[in-house]
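S.K.: Dropping the sequence and predicted coords here.
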Amino acid sequence: MKKKVLIIILFICSTSILKAQEKVTEEQRALYAKILFANKDAIFDNNTYQYQVEKFDEKKFNNRTSIIEKIKLTKENIGETFKLGGCDFKLVDVKNNILVIDNLCDNKVDFEIINLTKEGDEVKPYSFFELLDMEEEDENINVDSVFGLSKIQLSKKIYEIFENSPEITKEEFDKIVTIEMLESLEESKKYEIIKSVAKFEGAFIFYLL
């Protein structure tokens, strides 16, 4: 888990460096290609983590005065657009425990997400301290597997490479990622990748506080 967090941080840092650089060197290109490829495993590994399931009181949730806006979707809404916070979004895909979202406006909308099971219960991660307590009772508990919800931006170009060629090797990817491609990524369309602790099997709720 620590490795995956580091990979995502490196990806964010690398794109910032790209923005500041006028010209990408071959050495930098090779480094960025490695970082981007590592993100493939971090995002698309299809792993789920240790989590708990709690009864979700939808009526109580709907009555929360702190919630400004909300919308409930399922896999059936893939390809459709929805509005939240004055912006239009497209639900590009739902894959195992990730959602792929396309923000169709220029504003950043900081929304929250609830992942529900097929039975309508809420999926929640364990905290680090909860996992520590569980580890004392069960040696098979992996404390490093603590995970909540991650949201990162990934270039549409890079996403489509991984989507269309899921078995692509590091060497094959390295040949595709040219200096010209890297220099174009900063201005290219980006998807928001949302990764949950468990698979999105039921409905999921986007909401604003």
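M.R.: Ah, there it is.
S.K.: Once you drop chain neighbours, what's closest to the residue positioned nearest the centre of the chain?
M.R.: A centroid search over the chain (CA atoms, centre = their mean) returns residue 194, at 2.7 Å, as the residue closest to the centre. Once flanking residues are discounted, residue 194 sits nearest to residue 99: 4.3 Å by CB to CB, 6 or more residues apart in numbering. Just so you know, the C-beta spots here come from the backbone N, C-alpha and C atoms, and that holds for glycine as well.
S.K.: give me the element that neighbour is part of.
M.R.: strand 98-103 (DSSP states H and E).
S.K.: Can you list the buried residues in that strand?
M.R.: 98-103 (16 or more other CB atoms under 10 Å).
S.K.: try stretch 111-128
M.R.: 111, 114-117, 122-126.
S.K.: just stretch 156-172 next, same as before
M.R.: The neighbour-count check on stretch 156-172 (16+ other CB under 10 Å) flags 156, 158-159, 161-162 as buried.
S.K.: Tell me the one of the buried residues of strand 98-103 nearest residue 200?
M.R.: Set against residue 200, the nearest of the buried residues of strand 98-103 by CB to CB is residue 99 (6.5 Å).
S.K.: check contacts around that closest one.
M.R.: 91, 93, 113, 193-194, 196, 200, 204 (CB atoms under 8 Å, 6 or more residues apart in numbering).
S.K.: What's the PyMOL line that selects buried ones from those residues?
M.R.: This is the PyMOL syntax for the buried subset of these, where burial follows 16+ other CB under 10 Å:
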select buried, resi 91+93+193+194+196+200+204
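S.K.: Most widely separated two among the contacts of residue 99?
M.R.: Taking CB to CB, no two of those sit farther apart than 93 and 113, at 15.2 Å.
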